[in-house]
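> Provided below are the primary sequence and the corresponding predicted coordinates.
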Amino acid sequence: MVMGIVSAVGKLSQGVNAIVERATLMLAVTLTGVVSLGVISRYLFNSPLSWEQEASILLFMWVAFLGASIAFYMKSHVRITFVVEAFPDKFRVWITLIGHAALLLFFGIMLGKGMEVV
């Protein structure tokens, strides 16, 4: 029963991550388009868009946070592996868990601060 729950949570996590990856890609493409449109309107037509900068900032923030969650899921976030490798195998699991907890705390703080700004 427990393995069934773990399997279901794993499949749900994969599904959510796939949606987040697609959403992040769409947001990044939109960000590129908004910035390009802003550059074109500013330098080609000499008439800057009033909303381009704020939209770019918000899109960039979403891309950064969602990208961080994707990196965390794929275990490709920044790590200092030589510290973990210096410990025996039985401690590596605990060090990895502490590192993940610290990252989640950091992401949570950043999300909270980001919500205050927006």
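Everything's here; your move. Residues are numbered from 1 along each chain as shown.
> Show me where this structure dips below the pLDDT cut-off.
Counting by pLDDT under 70, the chain shows no low-confidence range.
> what about Val29, distance to Val93?
According to Cβ to Cβ, to the nearest Å, Val29 stands 39 Å off from Val93. Placement of C-beta: from N, CA and C, glycine included.
> do Ser50 as well
Separation of Ser50 from Val93 (Cβ to Cβ): 53 Å.
> what residues are up against Ala23?
Contact partners of Ala23, counting by Cβ atoms under 8 Å, 6 or more residues apart in numbering, are Leu66.
> Which helix or which strand is home to it?
helix 2-43 (DSSP states H and E).
> about what we covered before: Ser50 and Val93: which is more packed in?
Counted by other Cβ atoms under 10 Å, Ser50 and Val93 do not tie: Val93 has more neighbours, with 11 against 7.
> The more buried one: what's it in contact with?
Going by Cβ under 8 Å, 6+ apart, Val93 touches no other residue.
> Could you check how far it is from Trp51?
Val93 sits 48 Å away from Trp51, going by Cβ to Cβ.
> Same question for Leu59.
Distance, Leu59 to Trp51, using Cβ to Cβ: 12 Å.
> Show me which of those two is the more surrounded one.
Per other Cβ under 10 Å, whichever of Leu59 and Trp51 has more neighbours is Leu59, with 19 against 10.
> Excluding residues flanking it in the chain, which one is nearest that one?
Leaving aside its chain neighbours, Leu59 sits nearest to Leu31 (4.1 Å; criterion: Cβ to Cβ, 6 or more residues apart in numbering).
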